[in-house]
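*Asks:* Fold the following for me, if possible:
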Amino acid sequence: MCPAWQPRRASEVLGIACRVMGRDEMADSRMGEPVVDLAGMLVGVDAIVWGADAGQRRVDFVSEGCRAVSGHDPETWLSAPDFAVDLVQGADRERVAAALDRIAETGDREELEYRLETPTGRAVWVVNVVHAVSGRDGRRRLHGVIVDITRRKEAERALLEQLSRSEQEYRTLFELHPNPVWVYDLETLRFLAVNEAAERQYGYSRQELASMTIADIRPQEEVAAMLAAVGNVAEGAMRSGPWHHRTRDGTVFEVEISSHTITFGGRRGEVVMAVDVSERRALEHQLLQAQKMEAVGQLAGGVAHDFNNLALVISGHAELLLERLDDARARESAREIRRAADQASELTRQLLAFSRRQVLRPVELDVSDVLADLVPMLGRLIGDDIELSTRLAAGTGAVQADPAQLRQVVMNLVLNARDAMPRGGRLSIETSVRDLDEHFTEAKLELAPGGYVVLAVSDTGEGMDEATRERIFEPFFTTKEPGKGTGLGLATVYGVVKQTGGSIWVYSEPGRGTTFKVYLPRHGASAAAAQRDRPGATVPAATGTLLLVEDHEQVRTLVHMVLEKLGHTVVAAASGGEALAAAAAREGPIDMVVTDLVMPGMDGKELVERLRELRPGIRALFTSGYAQGVVEGHELGEGDAFLPKPYDQAELAAAVEAVLAAPAPG
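*Replies:* Prediction:
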């Protein structure tokens, strides 16, 4: 078909035909010379121009274009009855016949689309522009132009198929989207369409949501703000932002929505996607908590460095006074000074234990003795409405643990028990000895068979279900109300116990209380009571030339005095640069460097590396009052040692002697 033959052009041809065929010469029904002229004008036109007597219902003129369009010759058209409707495909025939009769009766003009059937049975889509006119004799005639529109119909069908596929694809995307998606009417606010995820998230069926509005899934306090936001929606606008939604069971959760205005089913609406961000918000809160804890740890590390230096100076000079004083009252004052310095150091270690950054100082201790010292404070901690009972076994044997950390474990377990009994109850703390066989340790505790000291903390509180028990040691997991807990207490307990070489087990049922059991490996001998008022350190068996590097002047002066008293030759420096200069200038040997690990400018690790370029084989003892996290960032070399601040004369003497006795590096 010639692309130019659209219905508008067909109407123009029809107008020409009507004007020619409507001349006076054609007043009677016989076709004279004017018809011949018209036929000549239409030669080569890919369209059928036809005319018919409305009364006789027979085509009496048809152009040569009928061959190209329909496949039938003019004789077939002229001999066919009833306006040649027999040439119309059967499915359309009745409709076309009725339309032609209607036009003949009313005199209207219509455009008919239908299919002609070729002699071979092929369907040809056509548009027939039909017009009724009356001659001077009053007889009504039908004139029409038929144009082949098969290619257009095929294109339309292909487009419809494509649209149908696209619609199905978009419907699939809509239905299978993992997040709730819906369309609602901007005027009535009623849901027009929802996907499966919306049904799952909100707990309503599709039919129920179809009778609801978007206000029905909002907390009452947000409805007014939501209505104001919807009222300000502009045509074609996109929106996004956080809101709160409510499920069928009343659960309120935070969502972030993205929306866009559309026309849906002839209605002005908005398509909305809602993303549940509750878990993300919880993770963000946990991250903030972790960052807060990290900041506290860094602050504690800095405080510990300066505070431990001061405690070292105070304690060291008190020890020197004890060695020199003979007056009993003066010696007692010196002891009180040293005890106060020791207590200050212990406070620093507790602060670092809170942030889990403390330098570990495990010693042999008796768990029952540690608990006995804690009991008076625990009674004040839990309050009068909780009955505290203890059963501490004697002679349990020693465990290797940091006393500050062990106290932290007990405190955290007791606080957890207290919070589980808001209306009061009973709290029991027990110690015992248990020999674990291979089957028990492998099945429950992942411990090696052997003897263990068992610390049990039991309460009569609310208890826990299995799901809670499985997560109880996860960092940041808490069953407390927002703002009432960090979720780090039991995680810290777990970390400390594991770090000490032990294990922890929990038994609990809802409404029946909870029991925590901590298993710590026994070391056999009972811990000896620390004798703090011991005589000064004896002169070590080995002495040498030591390079002392310490940026804190008071600490440098004190350590210098102690090392010289122990028989060592000491070269002191206030910085890494001074130490390198002193090492380069000294002609004699330097057996060992005692250096602060963290100093301004050049740190102790870099200093030792550069010293060994000048003096290969020099031994190194590092000291620091910083937290364990800072120390771990400076990996020590083979044979090097670390002494945490604060330390006393005996500890310093033992550390120096051990390093001097070890083989020289390299």
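
*Asks:* Spatially nearest residue to residue 255 (excluding sequence neighbours)?
*Replies:* Nearest residue to residue 255, sequence neighbours excluded (Cβ to Cβ, 6 or more residues apart in numbering): residue 274, at 4.5 Å. The way it works is simple: take the backbone N, C-alpha and C, and place the C-beta from them, glycine included.

*Asks:* May I ask which helix or strand encompasses the most centrally placed residue in the chain?
*Replies:* Closest to where the C-alpha atoms of the chain average out (Cα atoms, centre = their mean) is residue 280, at 4.8 Å. Element membership for residue 280, per DSSP states H and E: helix 278-324.

*Asks:* Next, find the distance separating the residue nearest to the centre of the chain from residue 256.
*Replies:* For residue 280, the distance to residue 256 (Cβ to Cβ, to the nearest Å) stands at 9 Å.

*Asks:* Ok, residue 606 next?
*Replies:* Taking Cβ to Cβ, one finds residue 606 at 49 Å from residue 256.

*Asks:* okay, those two: which has more neighbours?
*Replies:* Higher neighbour count among residue 606 and residue 256: residue 256, with 16 against 13, using other Cβ atoms under 10 Å.

*Asks:* sec struct for that one, please.
*Replies:* Following DSSP: H, G, I helix; E, B strand; the rest coil, residue 256 is assigned to strand.

*Asks:* Residues in a beta bridge with it, which ones?
*Replies:* residue 242, residue 275 (DSSP bridges).

*Asks:* Contact partners for it?
*Replies:* By Cβ atoms under 8 Å, 6 or more residues apart in numbering, the contact set of residue 256 is 240, 241, 242, 243, 274, 275, 277.

*Asks:* before we move on, what about residue 584?
*Replies:* So residue 584 contacts residue 614 (Cβ under 8 Å, 6+ apart).

*Asks:* Please indicate which of the contacts of residue 256 has the highest neighbour count?
*Replies:* Going by other Cβ under 10 Å, residue 274 tops the contacts of residue 256 with 22 neighbours.

*Asks:* looking at it, that residue is touching residue 177, isn't it?
*Replies:* No - using Cβ atoms under 8 Å, residue 274 is not in contact with residue 177; the gap is 10.6 Å.

*Asks:* just to revisit the earlier point, contact partners for the residue nearest to residue 255?
*Replies:* Contacts of residue 274 by Cβ under 8 Å, 6+ apart are 179, 180, 181, 198, 201, 245, 255, 256, 257.

*Asks:* re the thing from before, what's the closest of the contacts of residue 256 to residue 87?
*Replies:* residue 274 (59.2 Å; Cβ to Cβ).

*Asks:* how close does residue 323 get to residue 567?
*Replies:* For residue 323, the distance to residue 567 - Cβ to Cβ - is 15 Å.

*Asks:* Over to residue 395?
*Replies:* For residue 395, the distance to residue 567 - Cβ to Cβ - is 42 Å.

*Asks:* what do you get for residue 458?
*Replies:* Distance from residue 458 to residue 567, by Cβ to Cβ: 55 Å.

*Asks:* With residue 662 instead?
*Replies:* 19 Å.

*Asks:* same check, this time on residue 547
*Replies:* Residue 547 is 16 Å from residue 567, by Cβ to Cβ.

*Asks:* again, but for residue 64
*Replies:* 132 Å.

*Asks:* Having no further points to raise, I will conclude here.
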